[in-house]
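[1] Here is my input, please return the structure:
(chains A and B)
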Amino acid sequence: MRNKLATESLFALSQPGRRGAEFPAADVPERPLSELIPASALADKPTGLPEVTESDVIRHFVNLSTLNMCVDTHFYPLGSCTMKYNPKRHERLASLPGIVDLHPYQNQSDLQGMLGMLYEMQEMLAEIAGLPAVSLQPAAGAQGEFTALLTAKAYFEDRGEKRTKVLFPNSAHGTNPASAAIAGFDCVQLASSKEGLVDLEDLKAHLDDQTAVFMVTNPNTLGLFEKDIKQIAQMVHDVGGLVYIDGANMNAILGYTRPGDFGGDMMHFNVHKTFTGPHGAGGPGSGPIAVRDFLADFLPGPVIHFHPDADETDQYTLETPAKSIGRVRSFYGNIGILVRGYCYLRTLGAPGLKAVSENAVLNANYLKALLKDVLPVPNGDLCMHEFVASASKSKAANGITAMDIAKRLLDFGFHAPTVYFPLVVPEAIMVEPTETESKETLDAFAETIIKILKEDPEFLHQAPHSTIVQRPDEVVAARNPILQCCEPQ
Amino acid sequence: MPYIFNTPEQQQEMLKTIGVDSLEALFATIPSELRLDRPLEIPPALTEMELQAHVSRLAAKNVGPTSRVCMQGGGAYDHFIPAAVDEIARRGEFYTAYTPYQAEASQGSLQTFFEFQSLICRLTGMDVSNASLYEGGTCVSEAAFMAMRVTNRHNRVVLLGSLHPEYQQVVETYLTHLNCEVVVVPCVDGAADPAAVDAAMNEETACLVIQHPNFFGTLEEAEQLTEIAHKYGALSVVSYDPISLGILKRPGDYGADIAIAEGQSLGTPLQFGGPYLGLFSCSEKFVRRMPGRLIGQTVDRNGKRCYVLNLQAREQHIRRDKATSNICSNQGLIAIRAAVYLSLLGKQGIREVAELSCQKAHYAAEQLAMVEGIELLFPERSFFKEFAVSCSEGADYLLRKARQAGFDLGPELSRFDYKNASDQFQTGVLVAITEQRTRSEIDQLVTALKA
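    The predicted model follows:
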């Protein structure tokens, strides 16, 4: 069934003289290129791009695409990633003329529909966050973190304070410390409590007048709501610091509680997760941030303002906040992803969003209950939208690791959960089923794991057995990196 | 409720298995005083049919290329996108997949990104390309960070004043708070003055950032400027226009250390400024200092050729605060678009698109310069597909008149905040001509402006 020829290297398909695209002859009087461009700037040889036909290209990439698992074809319970269904209407609407073809430097009066939509998006995100000021610019969650940290830095400097430290728990996403480092802060990693929550004692020990920001994911990466978050925020505020909420796990709390209401001063959304972006094999994402009113003046520009009394052609304008930190990217944001997020929010409305979180949390707890005897969850009785189980028990008993289970699941047609993250749980298996899966799927997944744990450990160490490739050698890849095709040009 | 499977009966059954008696009880760990005691105030839900009508109405309020011919540039261009690009990018197997961490389940994405990297290397003449960054502006700050690590010079970078002004702002946002001085060499007449650049460089400088063709569309002496950077032990960072490499010398051919670009022109629609595509490539010797994901070729346990995420020890999920960048999500799907686009065009197609754009732009410049009151802003400079004009009646007048005739020009240079800018910038307007524009469109514009 598989067309192996078509998935050979693209460059191996190349034949001199083949064409995949043709263009009309010039309809203007042509001049020799050497009259237009100095000889020193002109290439003396053609690029080494391949020569293939359109049907070569289609057959190659279509066949390659079938080597992927994806949400459209498989259950994809990747913890921390919120792999929910991506509605098809979003793809159609984001491609409408008047949306997909707008140039970023068009006249503002010609963009009122787009700016109006983005303004409404700002308003909806502010309401969901409980934080009034929004910047749509950040290209992804990590850039949202960085942008918010710079916003905080500018705020402190404006007050004549120089604060140097950013604190975060050891269960944090890697982007938290990485963003704090490029924002020029010293990183302080805190311990977690026995319950898998922020350790209040350790937090207290590290809070001082040098604390700029405490970054926390809530629900945290163990899928647990930080029940002491109000007190935590108070402790941070008491030393004059700000609280940043990593919004990666917003899927658990939509309409139930809001970062602004539980003490957060700043947060980012992952539109590609919570509002079903989609993920695009790694991106593009979109990471808008929401902040408290006293931080609004420092946001990157431009933001969208609404002037209800103006003429219909001038109601929405792009404005740079008074004390803006500047730009964090060119143009205005990953608009195509924001449009999809907008469509999602307008499809669900308030009751729909609440139902999303209810069913995401229900599915996670149900799956956790089905697996509790074979894959115990060290922390928490009830989880939120995801849970982190540990394969320590099976590893001790017969050597079956989290990796073995993850790889073997592929043979049964399930994408693997996230493994070995967060780092605080040994042999971590992080499962996020999302609300867009059925009980039948969850039952089948749990049965499969139970079956896998009864298999021969040696057989599992070699898994997967049915996939197109099996356990690629990452050590070989890193030792002598081959990063581009080696066919001759 | 859209997209939710559980029926009320199933919900009850599941709650029973969990051992709680209501959905509400699942949220017990959220203290009651933190609960929102009212519904979110967002607009009511719409069915698919209503949503489509609503979004279509908003779209119709925008004036787009259906009624306006796009001759706008400034880092985003209206190049033709073959249907096959959309066809591949709309495959759910690509756009509903995650980052290819799980190699066995992601060979499609991995091989495609590996080929993307290969195509970018062949386009630029560079040794190594990553699998994408966000967009053209953050590519510059990532390149500066990398240059600082490579040279161990952390306090100074030099940018040409002809670099896209928004990219300059991005670099300032990213670097100035780290006590890194961002020196901008003023651009007086459309391209850098090598003597002024030489004077701005010193042995504390991590890199020189060159845009070629530059923001005004003008060609820079990229090779000479690269030599100047190297004279001071700094890296040469070149921001290029990927389409231009169909006819222009490649950054790898003249010694650039890091080549970066806004890759939107490679098959991605304008979509109001994003998502676009950051292209990032460099010399092999810097590979372990690179930001972003890298896909590598390897073998599996049966010796079969396959692909994996490579050198992950550079990245935030492993190295945390010591990572080469904080980037996690990249622009995967847009990189796939670029891979399909470059495959379709191939050696010959990229040359044709570049040459057509260049020929038509020169025709347009020649014709516009014959309109009374319009002059080329930098008549002595060579350009590729974009050029600046000034209008004696002011930029607004020119833009308005063009709009009334059905043409969008721009951006106007007064839109940006230039340091040390001369007055001429206040009246300047950029005009970009791609292969899609026709002689008759250009003639119509000129006729309308003459009237």
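[2] Relative to chain B, how far out is residue A:262?
    5 Å (C-beta to the nearest C-beta, to the nearest Å). Backbone N, C-alpha and C define where each C-beta goes, glycine included.
[3] Look at that residue and give its secondary structure.
    What DSSP: H, G, I helix; E, B strand; the rest coil gives for residue A:262 is coil.
[4] Now do the same contact list for it.
    A:218, A:229, A:230, A:233, B:34 (C-beta atoms under 8 Å, 6 or more residues apart in numbering or on different chains).
[5] Any idea how far stretch B:444-451 is from the middle of the chain?
    Relative to its parent chain, stretch B:444-451 has a centroid offset of 32 Å by C-alpha atoms, centre = their mean, to the nearest Å.
[6] now stretch B:284-302
    How far stretch B:284-302 lies from its chain's middle: 23 Å, per C-alpha atoms, centre = their mean.
[7] ok, and for the helix or strand where residue A:446 lies, which residues are buried?
    Element membership for residue A:446 (DSSP states H and E) is helix A:439-452. In terms of neighbour count (16 or more other C-beta atoms under 10 Å in any protein chain shown), helix A:439-452 has its buried residues at A:439, A:441, A:442, A:445, A:446, A:448, A:449, A:452.
[8] from these, which is closest to chain B?
    Closest approach between the buried residues of helix A:439-452 and chain B, by C-beta to the nearest C-beta: residue A:439, at 4.8 Å.
[9] So the closest one is in contact with residue B:9, correct?
    No - Residue A:439 is beyond contact range of residue B:9, at 9.9 Å (criterion: C-beta atoms under 8 Å).
[10] okay, now the domains of the chain?
    As the question left the chain open, I've gone with chain A. Domain ranges of chain A: A:10-65, A:91-346, A:355-475, per automatic domain parsing.
[11] meant chain B actually
    Domain ranges of chain B: B:69-81+B:346-450, B:83-340, per automatic domain parsing.
[12] Pipe those domains into a markdown table and attach distance to chain A and mean pLDDT per row.
    Converted to a markdown table, the domains of chain B look like this (distance: least, C-beta to the nearest C-beta, whole Å; pLDDT from 0 to 100):
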| stretch | distance to chain A | mean pLDDT |
| --- | --- | --- |
| domain B:69-81+B:346-450 | 4 | 94 |
| domain B:83-340 | 3 | 96 |
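[13] can you pull the contacts of the nearest residue to residue B:142 once chain neighbours are set aside?
    Excluding the flanking residues, the one nearest residue B:142 by C-beta to C-beta, 6 or more residues apart in numbering or on different chains is residue B:291, at 4.6 Å. Each residue near residue B:291 by C-beta under 8 Å, 6+ apart is listed here: B:130, B:133, B:142, B:145, B:146, B:280, B:314, B:324, B:325, B:327.
[14] Could you tell me which of those residues belong to strands?
    Applying DSSP state E to the contacts of residue B:291, the entries found in strands are residue B:280.
[15] Pipe the contacts of residue B:291 into TSV and attach distance to residue A:97 per row.
    Compiled in TSV, the contacts of residue B:291 are given as follows (distance: C-beta to C-beta, whole Å):
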residue	distance to residue A:97
B:130	33
B:133	29
B:142	34
B:145	39
B:146	39
B:280	32
B:314	41
B:324	40
B:325	36
B:327	32
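[16] Include distance to residue A:362 and pLDDT when you put the buried residues of helix A:439-452 into CSV, please.
    What follows is the buried residues of helix A:439-452, written out as CSV (distance: C-beta to C-beta, whole Å; pLDDT from 0 to 100):
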residue, distance to residue A:362, pLDDT
A:439, 9, 97
A:441, 13, 98
A:442, 10, 98
A:445, 15, 98
A:446, 15, 98
A:448, 20, 98
A:449, 19, 97
A:452, 24, 97
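[17] and the nearest residue to residue B:193 once chain neighbours are set aside, backbone torsions?
    Closest residue in space to residue B:193, ignoring its immediate chain neighbours: residue B:185 at 7.9 Å, by C-beta to C-beta, 6+ apart. Main-chain dihedrals, residue B:185, degrees, to the nearest 10: phi -80, psi 120.
[18] And for residue B:174?
    phi -80, psi -30.
[19] Hmm, it is touching residue B:137, no?
    No - assessed by C-beta under 8 Å, residue B:174 is found out of contact with residue B:137, at 9.3 Å.
[20] Please say which of those two ends up with more neighbours.
    The residue with more neighbours, out of residue B:174 and residue B:137, is residue B:137; 31 against 25, by other C-beta atoms under 10 Å in any protein chain shown.
[21] doesn't the more buried one fall inside a helix?
    Yes - the assignment for residue B:137 by three-state DSSP puts it in a helix.
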